[in-house]
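> Below is the sequence, then the predicted model.
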Amino acid sequence: MSSTTPAQRRELMMALPPVPAADEMAIAAFLDAIWAESGLAQPSLDSYRRDLEGFARWRNGREGGLCGTDRAGLFDYLSWRMGHGYSPRSNARLLSSLRAFFAHRLRRRDRQDDPTALLEPPRLPRSLPKALAESQIDGLLAAPDVETASGLRDRAMLELMYAAGLRVSELVNLPATALNLRQGVLRVTGKGSKERLVPLGEEAQHWLQRYLDSARPLLAARQPASALFLTEAGQAPTRQQFWVLVKRHAAVAGIDPARISPHGLRHSFATHLLNHGADLRALQLLLGHASLSTTQIYTLVAREHLKQLHLKHHPRG
């Protein structure tokens with residue numbers, strides 16, 4: 001298997017022919033339909049688009065293109081991707097996108113068969129979410145220099161991320177109107193544009209109030225801004241910018257930056273709540289999971305934590 005890097009694979013994909021006009025129209029119609037039917041968020045729609053356009057580019061010049069491909073064409077593309085180092089998880093997501101696309105084509109009677117019908121998704125290893133220890137969380141939250149406007153903003157963002165178990169996209173896209181400190185709640189718009197109310201603890205409320213009073217007016221520079229959190233340019237931060245600040249503060253706290261991610265704060269929120277006796281269904285509501293089975297992965301994390309404690313401390317462990 002090729003050891004190409006993600007950057008090399010992006011270059012390889014960009015070197016392919018453009019998406020044929022007919023396939024581009026079919027992809028646009030599909031995205032409009034699933035947005036109307038399911039209300040998918042923009043990141044999900046973008047993911048579908050990337051997967052389908054990638055296959056359409058690869059199929060350009062081959063008989064049938066994207067819309068007319070058969071099962072053999074799908075096998076060939078998956079084989080090509082595996083040969084260029086695409087992960088099983090990436091291929092599983094691609095197959096999910098293709099299943100949805102061809103199901104849409106069937107409903108519209110644009111084709112009579114589904115070429116994905118008998119394709120099995122790649123078998124994925126079950127990886128447990130990586131949570132920080134509570135002492136590491138304390139160190140990370142204390143790392144920003146709160147004497148500066150940007151440091152106070154970083155402290156408020158980290159506190160809120162951990163206090164509310166937010167996804168990174170939810171955090172950076174929060175409007176200022178989503179926060180109600182008087183009632184101590186946050187209104188979050190999650191996947192599928194579904195809203196949920198998340199309670200905030202006193203510590204998070206304290207740092208958010210300090211940020212709103214002292215730092216945000218300076219970052220806004222007297223310009224109207226709808227986002228809750230602002231960069232030095234007065235704009236909402238990107239996911240990548242939040243990733244950078246998490247890594248930077250992790251290094252200050254003595255945490256290996258390679259072992260932490262912004263999503264790790266969400267995992268830590270869930271794991272620590274379970275370790276302290278939280279109810280699984282309540283955790284599901286707080287995290288905004290559509291299915292309880294998604295939340296149950298954290299019970300495995302808690303169980304693994306107990307096993308490690310037993311091994312470490314039991315005299316016959």
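Yep, it's here. Numbering: from 1, shown residues only.
> just checking, residue 64 is part of a strand?
No: assigned with DSSP: H, G, I helix; E, B strand; the rest coil, residue 64 falls outside any strand and is coil.
> Pop the domain breakdown of the protein in here.
6-107, 134-313 (automatic domain parsing).
> where exactly do the helices run in the stretch 1-150 of the chain?
6-14, 21-38, 42-59, 71-83, 88-107, 134-141, 149-164 (DSSP state H, counting those that start in this stretch).
> from memory residue 60 sits against residue 16, does it?
Yes: if you go by CB atoms under 8 Å, residue 60 and residue 16 touch, sitting 7.0 Å apart. Yep, even glycine has a C-beta here, placed from its N, CA and C like the rest.
> returning to what we had before: and the domains of the chain as TSV, adding mean pLDDT, distance to residue 114 and mean neighbour count?
Formatted as TSV, the domains of the chain follow (pLDDT from 0 to 100; distance: least, CB to CB, whole Å; neighbours: other CB atoms under 10 Å):
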stretch	mean pLDDT	distance to residue 114	mean neighbour count
domain 6-107	90	5	16
domain 134-313	83	24	17
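> quick one, which of the ones you listed is nearest to residue 116?
domain 6-107 (4.7 Å; CB to CB).
> now that closest one, how far from the centre of its chain.
20 Å (CA atoms, centre = their mean, to the nearest Å).
> Would you mind measuring the gap between the ends of stretch 193-210?
29 Å (CA to CA, to the nearest Å).
> got a list of contacts for it?
With contact meaning CB atoms under 8 Å, 6 or more residues apart in numbering, stretch 193-210 is reached by 39, 41, 146, 152, 155-156, 159-160, 162-166, 179, 181, 184-190, 285-286, 288, 290.
> Of the domains of the chain, which is nearest residue 115?
domain 6-107 (4.6 Å).
> Partner strands of the helix or strand hosting residue 196, with direction?
Taking DSSP states H and E as the definition, residue 196 sits inside strand 195-199. Neighbouring strands of strand 195-199 in its sheet, by DSSP bridges, are strand 185-189 (antiparallel).
> rewinding a little: next, the angle from the strand holding residue 196 to helix 149-164.
Angle of strand 195-199 versus helix 149-164, following axes from the mean of the first three to the mean of the last three CA atoms, to 10 degrees, is 100 degrees.
> starting at the chain centroid, how far to strand 195-199?
Its chain's C-alpha centre and that of strand 195-199 lie 18 Å apart, by CA atoms, centre = their mean.
> Over to stretch 233-245?
15 Å.
> quick one on the thing from earlier: got the CA coordinates for the strand holding residue 196 in PDB?
Taking Å, rounded to 0.1, in the frame of the first residue of the first chain, the C-alpha atoms of strand 195-199 are listed here in PDB:
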ATOM      1  CA  GLU A 195     -31.200  22.700  19.200                       C
ATOM      2  CA  ARG A 196     -30.500  21.700  22.800                       C
ATOM      3  CA  LEU A 197     -30.200  23.600  26.100                       C
ATOM      4  CA  VAL A 198     -27.100  22.900  28.100                       C
ATOM      5  CA  PRO A 199     -26.700  24.100  31.800                       C
END
